[in-house]
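A.B. asks: just coords:
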Ligand code: EPZ
């Protein structure tokens, strides 16, 4: 089985370029199937979630491919199917956007209930509430969601839960609906703004994305064009935390610093050095002293992102004092804590609250990623730990981080990806020759 082998202890130093946002790119790629004409999208991270979506779009009769590094071209003019089955859809959560996009384009859609990382129950009731408000009949049978509308007509939709997926899906379904749809209590994540900007560039009329009130005035059609995906806020945050965790000095570049404010403030509160530039943030250890414990509560944007919660809890594992991490978005996103404790962390979990008693250091061990961000967190734990850590279940990390270990290695990390059968003791030689 493939694994990542990390020899801890090396402070990360240098500059790292952040890729395009995975969660934005998946929304934009699906939105592009509503366009008759060619869309050229750049700054797309080459991660497995994107490959799966490209496969889905081609299966639906569209044409999508990477035509250069970071550049995907999509032409959905001939796309003729409104049905996406279980085999591919189950692999990624963002395939739920096919519901809104296909419904919007064809007035009907048949899409398998989506998969994705397992953080407990992942309902889609708010998506369905929105589709129904626009006039769609919704049936769920045999694991498929079936949507059909004679005609989509705008309405006001109030979301009972702030949901990224429902906000994007309703926005998509409303692009061609007659009249002006209003989404109230919408999610405000940067990638929602990015999907709205993409659609507007292609001829849609969406106002207010990034606030909790989004207005979508239906248009007749969308046309092709070019668009560039925003930098990945979560990848940036992961590298910022890794820099702090190894007591290094890293410039995290090609980012939008305002997207990082909740994390930058929390790191500064712990005693990490932070310097902001126009499109970069420098993260550095001011001295060799341990950081100070802190309390973190995840919230929808602009609050502290749930997608940085595992990485942050890992950093807090060696901070001085007791930290409380409260997960307010997902009901079960602490599955990785058992693995961190196997590396010497002292963390107890009760429901949505993790209590972290800081320990002076972690020690390397074999561990398994339980989801995408937990995988990144375990790599950070490996970089912090004394000795060698082996991380298994790399398919999760590959879903969302482009060239993760290459980027870490360029910052001085002792990290290598290996097949089964290698001995951990070979690492030092392997990393210097990799
Ligand atoms: C998006 O998932 C992200 N995925 C997730 O990132 C992220 O964790 C999440 O937003 C929260 O920020 C993508 O953008 C592809 P939600 P999504 O709908 O849209 C509840 C990563 O690591 N809810 O905002 O599926 C739900 O149960 C991934 O990159 C309902 O109750 O999340 C959860 O508690 C993992 N009913 C909360 O809302 C609904 O109909 C937020 O979910 C929908 C959601």
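C.D. replies: Structure's in. What do you need? As the structure is a prediction and not an experimental result, all values here were calculated from the model.

A.B. asks: who's in contact with whatever residue of the chain ends up closest to the ligand?
C.D. replies: Here the residue of the chain nearest the ligand is residue 165; by C-beta to the nearest ligand atom that distance is 2.8 Å. Quick note: C-beta positions are derived from backbone N, CA and C, even for glycine. The contact partners of residue 165, taken as C-beta atoms under 8 Å, 6 or more residues apart in numbering, are 93-94, 96-97, 124, 127.

A.B. asks: Could you dump those residues into JSON lines with secondary structure and pLDDT added?
C.D. replies: Supplementary listing: the contacts of residue 165 in JSON lines, determined by DSSP: H, G, I helix; E, B strand; the rest coil; pLDDT from 0 to 100:
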{"residue": "93", "secondary structure": "helix", "pLDDT": "76"}
{"residue": "94", "secondary structure": "helix", "pLDDT": "79"}
{"residue": "96", "secondary structure": "helix", "pLDDT": "91"}
{"residue": "97", "secondary structure": "helix", "pLDDT": "96"}
{"residue": "124", "secondary structure": "coil", "pLDDT": "92"}
{"residue": "127", "secondary structure": "helix", "pLDDT": "96"}
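
A.B. asks: At the contact with the ligand, which residues of this structure appear?
C.D. replies: For the chain, the residues in contact with the ligand (C-beta under 6 Å from any ligand atom) are 23, 26, 93-94, 117, 122-127, 161, 163-166, 187, 306-307, 329-330, 372-373, 400.

A.B. asks: ok so, going back, what helix or strand does the residue of the chain closest to the ligand sit in?
C.D. replies: Secondary-structure assignment from DSSP states H and E places residue 165 in helix 164-174.

A.B. asks: So for that helix, what gets flagged as buried?
C.D. replies: 164-174 (16 or more other C-beta atoms under 10 Å).

A.B. asks: Can you give me the domain boundaries for this protein?
C.D. replies: Here the domain assignment for the chain is 3-19+231-433, 22-228, based on automatic domain parsing.

A.B. asks: So which residues of the stretch 151-300 of the chain form strands?
C.D. replies: Shown for the stretch 151-300 of the chain, the strands assigned by DSSP state E, counting those that start in this stretch span residues 156-158, 180-184, 205-207, 213-217, 225-228, 249-253, 272-276, 280-285, 296-297.

A.B. asks: Same list (these) but as CSV, adding mean pLDDT.
C.D. replies: Putting those into CSV (pLDDT from 0 to 100) gives the following:
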stretch, mean pLDDT
strand 156-158, 98
strand 180-184, 98
strand 205-207, 98
strand 213-217, 98
strand 225-228, 98
strand 249-253, 98
strand 272-276, 98
strand 280-285, 98
strand 296-297, 98
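
A.B. asks: so which of those strands comes closest to residue 65?
C.D. replies: Nearest to residue 65 among the strands of the stretch 151-300 of the chain is strand 225-228; the distance by C-beta to C-beta comes to 15.7 Å.

A.B. asks: Partner strands of that closest one, with direction?
C.D. replies: With DSSP bridges as the test, strand 225-228 is paired with strand 38-42 (parallel).

A.B. asks: Distance check, the closest residue to residue 35 other than its chain neighbours against residue 33.
C.D. replies: The shortest distance from residue 35 to any non-neighbouring residue, by C-beta to C-beta, 6 or more residues apart in numbering, is to residue 222 (4.3 Å). Computed with C-beta to C-beta, to the nearest Å, the distance linking residue 222 and residue 33 is 10 Å.

A.B. asks: go on, residue 59?
C.D. replies: 11 Å.

A.B. asks: So between the two, which is more surrounded?
C.D. replies: The neighbour count for residue 59 versus residue 33, taken as other C-beta atoms under 10 Å, is higher for residue 33 (25 against 15).

A.B. asks: I figured the more buried one hits residue 79, correct?
C.D. replies: Yes. Assessed by C-beta atoms under 8 Å, residue 33 is found in contact with residue 79 at 5.7 Å.

A.B. asks: which neighbours do these two share?
C.D. replies: Both residue 33 and residue 79 are contacted by 57, 60, 62, 105, under the criterion C-beta under 8 Å, 6+ apart.

A.B. asks: Nearest to residue 287 among those?
C.D. replies: Comparing these against residue 287 with C-beta to C-beta places residue 57 closest, at 50.9 Å.

A.B. asks: Contacts only, for that closest one.
C.D. replies: Contacts for residue 57 were tallied using C-beta under 8 Å, 6+ apart; they are 29-30, 32-33, 63-64, 74, 76, 79.

A.B. asks: so where is the protein shaky, pLDDT-wise?
C.D. replies: Within the chain, the set of residues satisfying pLDDT under 70 comprises 115-121, 420-434.

A.B. asks: for stretch 144-152, which positions count as buried?
C.D. replies: Residues of stretch 144-152 classed as buried: 144-149, 152 (neighbour count, 16+ other C-beta under 10 Å).

A.B. asks: Residue 385 is in contact with residue 343, correct?
C.D. replies: Yes. Using C-beta under 8 Å, residue 343 is in contact with residue 385, at 5.7 Å.
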